[in-house]
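Q: Just a sequence and a predicted model for now, questions to come.
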Amino acid sequence: MTAISNKTVQRRIPDPAAPIKRKKKSDSRAALGFLTPSAVGMTVFILFPTILAVATSFFNWPTFGDISFAGLGNYRNLFAPGSQFPAALVNTLVFTLLVVPINLVLTLSTAFWVSTSRFSRLYRVLFFLPVVTPTVATAVIWKLIYQPNGLVDSTMQSLFGIHLPNLLGDSSTALLAVVVVIIWQGFGYNMLIFSAAIDQLPQDILDASKLDGAHGLTQLLRIKLPLLTPAIFFASTVTMISAFQMFSEPFVMTAGGPGTSTVTVVMNVYQTAFQGGELGAAAAPAIILFVLILVVTMIQWLGQKKWVHYDQ
Amino acid sequence: MKLATKLAAIAVGSALALGASACSPSSSGSAGGGEAAGNVTLDWSFWSQGDEGNKTWEDLASQVTAKYPNIKVNLTTAPFSDYFTKLQSQLASGTAPCIVSMQSLRLPAFAKAMTPLDGELAKAAGFTASEWDAGALKALQSGDKQYALPYGLSTMVMYYNKDAFKAAGVAEPKDDWTTDDFVAAAQKITKATNKPAFGQSFSDLHMSAQLLAYNGAKPVSSEGKLQMTDKTFEDSFAWYSSLATDKKISSVPASSSDVPWGEQQFVAGNVAMAVDGSWNLKSNVTDAAGFNVGVVALPQGPNGGGTFSANSGFGISSTCKNKTEAAKAIGVLTDAQSQMASAASGNIPARTAALPAFIDALKKDIDPKNPGYSEQVAQVTKDSSAMAVPFISTNNWDAVTKLMAQQFQQAYTGKSSPADALNNVQQSGAK
């Protein structure tokens, strides 16, 4: 028995130099093998199309017909009279500035409320339902709810005798009406993330803070929220990116109108490419949006050092 | 080490297989058809015609195989609102079906991706121009070349709710009615029902046909240039917008995405009148929510220009590998026998010889529930055809229609002046 044990021990304590070198080499090969599928996928489906989109943006590239070099022409045309891009950019920024903060405040407060409820699991399922419902279907239903004599208008008439304006047909209310739907649709996702994060808050820290006299709002602001900052950072980044890429809800509900009040950059890209048949002219706003999202996300990543606490 | 190497090899192999499968072309969809031992399968795309209509076209597709046993035609449909966007992507990526259905308004944009039906292809299709209505053929030509053979020729007409007219004590309109008659009738019905009598639209044909009837205005010049800031068009559009803003007799689309509005509100019974195409002569009655439907020519203004006609037909995509077989199939789909079968099931035909079959079908299927309808249809078809002019569009028409929906909503709600709305469309849409 002793001899066997010694042999085993001897095998388990190898020579410090040679075996490590050999192991490192074999790991590299395996790592390369495992990385290859995702690397190939990234190259074929993300890197290559991105490079192609950048190249396309410098050409007059009709859906069918002759392709010619345009230089910066497609970018200049984005700001020419008659272009919808400036309005689309402003609308996208307004969408993002409205959707991200409202979504975060609402979902975080609801998550705190749900975490204290006896029916927390039921609420999580209910709030998550809109996320898994097809966007086009919900957008169509909301359109019917909003339209004159629809649910909202009829309710207001029967309760207060007020006839609401056509919410999606009026340029002063259309964007806000769409924002409400976007927040409703995306509400459950962030709420679930925050709920999970709240459930994982370390009980010992919460108990210790109570002993130190932190209760109620003080504990919420000084202890719980700082502990939740990694989740808040993740949710804010993902929500911001999806808000910048807003398309389905405004496209189905308003098709960008009335006027240009709900045109977004992605809608502008889609309409230029697939309704206008100009792929080069559509690539230019896509590249601008790509750079914009990249810059804002980088700023968020750099800024997180100041407010996100990963250590507990 | 051995295990790691094996795993790495499996991973690389999987990646290559994944990459290969992602890049390899689909054998069934490429170039819209396949061929094996002389047998040819052709894909045919069409906008959806409803269950009944789709069945008719599927039956006609089987007639192709009956005449040419080596040719099989597969029909695929998409909603009209998505059809041309889908087709554009398919044509650009080389995956378009061999046989494509084409509307005259969209032909200027799509002609480059289609094959002219001349020479050997015209022979294969059995195409003889003299057998067709010249206008029906011309609408599907681009640069004097025939790109599609028509299956239908439609004009824009006015549908009305007979019951609503009767309840409001308004006499039913005749084919010679004027725009003043139309406004007076709408005002009386609006007052009687306490809801707008007319269903407004920003759809190209539905709206423009009424503007043409008002003062001869056309959105596009005969050279294919957008002319929405033209004085005649501005005047007629101001009148049309005023139906909602000043006269309060029309129901405005709820949003810019509601391109089919007036006709939908009509069949739902929410408005008493709406402009729609003669392609819906049967379905607007069968879909109507429990009321009797009447149909009449568009009301004309003092300088009215009649009505617009729109034409649809079948052509061959430029990427099709079996063009001769596709031409043969189109020949069958548009021949006299097919037109008769299509007309008998309620589709208004392009060949005038098949028109009686269409009227007879209405007499049999519709008149028992909606008395006198077939007679009205026979009259309106004759009157509207006599005053119809083909709708000329630009080569970026889909982009223009999108702008119309966005901007005209503003004019109908009074948020912008009609002139400003037209100016915005002209500035963004003119090429």
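A: Received the coordinates, thanks.

Q: Please make it C-alpha for all contacts and neighbour counts, starting now.
A: OK.

Q: Low-confidence bits of chain A, can you list those?
A: Filtered on pLDDT under 70, chain A yields the residue ranges A:1-25, A:311-312.

Q: Following the record's annotation, map out the domains of it.
A: A:12-69, A:78-307 (automatic domain parsing).

Q: Could you identify which of those is most buried?
A: Mean neighbours per residue, mean count of other Cα atoms under 10 Å in any protein chain shown, is largest over these for domain A:78-307, with a mean of 18.

Q: how far does that one stretch from start to finish?
A: Counting by Cα to Cα, to the nearest Å, you get 37 Å between the two ends of domain A:78-307.

Q: same question, stretch B:164-174
A: 16 Å.

Q: That stretch: which residues count as buried?
A: B:164-165, B:168, B:172-173 (16 or more other Cα atoms under 10 Å in any protein chain shown).

Q: need the residues of the stretch 201-350 of chain B near chain A, please.
A: B:253-258 (Cα under 8 Å from any Cα of the partner chain).

Q: most neighbours, which of these?
A: B:Ser256 (30 neighbours; other Cα atoms under 10 Å in any protein chain shown).

Q: May I have the residues that are in contact with it?
A: A:169, A:253-258, B:405-406, B:409 (Cα atoms under 8 Å, 6 or more residues apart in numbering or on different chains).

Q: export the residues you listed to TSV and tack on distance to B:Glu263?
A: Below are those laid out as TSV (distance: Cα to Cα, whole Å):
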residue	distance to B:Glu263
A:Gly169	18
A:Met253	19
A:Thr254	19
A:Ala255	19
A:Gly256	22
A:Gly257	21
A:Pro258	20
B:Ala405	16
B:Gln406	19
B:Gln409	17
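
Q: Next, check those against the helices and list the overlap.
A: Counting by DSSP state H, those place A:253, B:405-406, B:409 in helices.

Q: Can you say which two of those residues are spatially most distant?
A: A:Met253 and B:Gln409 (13.5 Å; Cα to Cα).

Q: list residues touching both of these two?
A: Each of B:255-256 lies in contact with both A:Met253 and B:Gln409 under the rule Cα under 8 Å, 6+ apart.

Q: any idea what the nearest residue to B:Pro150 once chain neighbours are set aside is structurally, helix, strand or coil?
A: For B:Pro150, ignoring the flanking residues on the chain, the nearest one in space by Cα to Cα, 6 or more residues apart in numbering or on different chains is B:Gly313 at 3.8 Å. Put simply, B:Gly313 is strand when judged by DSSP: H, G, I helix; E, B strand; the rest coil.

Q: burial count for B:Gly313?
A: What B:Gly313 shows, counting by other Cα under 10 Å, is a neighbour count of 25.

Q: In this model B:Leu153 seems to touch it, though I could be wrong.
A: No. B:Gly313 is beyond contact range of B:Leu153, at 9.0 Å (criterion: Cα atoms under 8 Å).

Q: So in chain A, which helix runs the longest?
A: Counting by DSSP H, the longest helix found in chain A is helix A:85-116.

Q: heading toward the C-terminus, what's the first helix or strand past it?
A: Following helix A:85-116 in sequence order, the next helix or strand is helix A:120-132 (DSSP states H and E).

Q: Which other helices and strands does the following helix or strand past that next one contact?
A: Later in the chain than helix A:120-132, the nearest helix or strand by DSSP H and E is helix A:135-146. In terms of contacts (3 or more Cα pairs under 8 Å, 6 or more residues apart in numbering or on different chains; DSSP states H and E), helix A:135-146 is packed against helix A:151-160, helix A:174-199, helix A:248-253.

Q: tell me what the first one is packed against?
A: Which is helix A:151-160. Partner elements for helix A:151-160 (3+ Cα pairs under 8 Å, 6+ apart): helix A:135-146.

Q: now the helix it packs on against helix A:174-199, angle please.
A: Computed by axes from the mean of the first three to the mean of the last three Cα atoms, to 10 degrees, the angle separating helix A:135-146 from helix A:174-199 equals 120 degrees.

Q: Not counting helix A:135-146 itself, show me its contacts.
A: By Cα under 8 Å, 6+ apart, helix A:135-146 touches A:130, A:150-153, A:166-168, A:181, A:185, A:248-249, A:252-253.

Q: Nearest the middle, which residue of chain B would you pick?
A: Against the mean C-alpha coordinate of chain B, by Cα atoms, centre = their mean, the closest residue is B:Gln103 at 6.1 Å.

Q: where's stretch B:400-409 relative to the chain centroid, distance-wise?
A: Distance, stretch centre to chain centre, for stretch B:400-409: 18 Å (Cα atoms, centre = their mean, to the nearest Å).

Q: Now do the phi/psi pair for the residue nearest to the centre of chain B.
A: phi -100, psi 140 (degrees, to the nearest 10).

Q: Tell me who's in contact with it.
A: Here B:Gln103 is in contact with B:140, B:310-313 (Cα under 8 Å, 6+ apart).

Q: okay, among these, which ones form the most distant pair?
A: B:Ala310 and B:Gly313 (10.4 Å).

Q: if we can go back for a sec, out of the ones in helices among the contacts of B:Ser256, the closest to B:Gln376 would be?
A: For the ones in helices among the contacts of B:Ser256, the nearest to B:Gln376 is B:Ala405 (31.9 Å; Cα to Cα).

Q: and that closest one, how many neighbours?
A: Neighbours of B:Ala405 using other Cα under 10 Å come to 27.

Q: Please identify which of the buried residues of stretch B:164-174 is nearest to chain A.
A: B:Ala164 (20.2 Å; Cα to the nearest Cα).

Q: Would you mind measuring from the closest one to B:Gly290?
A: Distance from B:Ala164 to B:Gly290, by Cα to Cα: 12 Å.

Q: Name the nearest residue to B:Ser342, ignoring sequence neighbours.
A: According to Cα to Cα, 6+ apart, the nearest residue to B:Ser342 is B:Thr56 (6.6 Å).

Q: Same question for A:Val114.
A: For A:Val114, the closest residue by Cα to Cα, 6+ apart turns out to be A:Ser120, at 5.1 Å.

Q: Please report how far that neighbour lies from chain B.
A: 38 Å (Cα to the nearest Cα, to the nearest Å).

Q: what does the model give the residue nearest to B:Ser342 for pLDDT?
A: Looking at B:Thr56, its pLDDT stands at 83.

Q: Packing partners of the helix or strand hosting it?
A: Assessed by DSSP H and E, B:Thr56 sits inside helix B:50-67. Judged by 3+ Cα pairs under 8 Å, 6+ apart, the packing partners of helix B:50-67 are strand B:71-78, helix B:323-333, helix B:336-344.

Q: and among those, the most buried is which?
A: Among those, helix B:323-333 has the highest mean neighbour count (mean count of other Cα under 10 Å), at a mean of 25.

Q: Distance from that helix to the middle of the chain?
A: Centre-to-centre, helix B:323-333 and its host chain are 22 Å apart (Cα atoms, centre = their mean).

Q: so can I have a markdown table of the helices and strands packed on helix B:50-67 showing mean pLDDT and distance to B:Asn423?
A: Shown next, in a markdown table, are the helices and strands packed on helix B:50-67 (pLDDT from 0 to 100; distance: least, Cα to Cα, whole Å):
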| stretch | mean pLDDT | distance to B:Asn423 |
| --- | --- | --- |
| strand B:71-78 | 94 | 33 |
| helix B:323-333 | 95 | 42 |
| helix B:336-344 | 84 | 42 |
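
Q: just so I know, which of those lies nearest B:Ser62?
A: strand B:71-78 (7.2 Å).

Q: what sits against the nearest residue to B:Gly38 once chain neighbours are set aside?
A: Leaving aside its sequence neighbours, B:Gly38 sits nearest to B:Asn70 (Cα to Cα, 6+ apart; 6.6 Å). Residues near B:Asn70 by Cα under 8 Å, 6+ apart: B:38-40.
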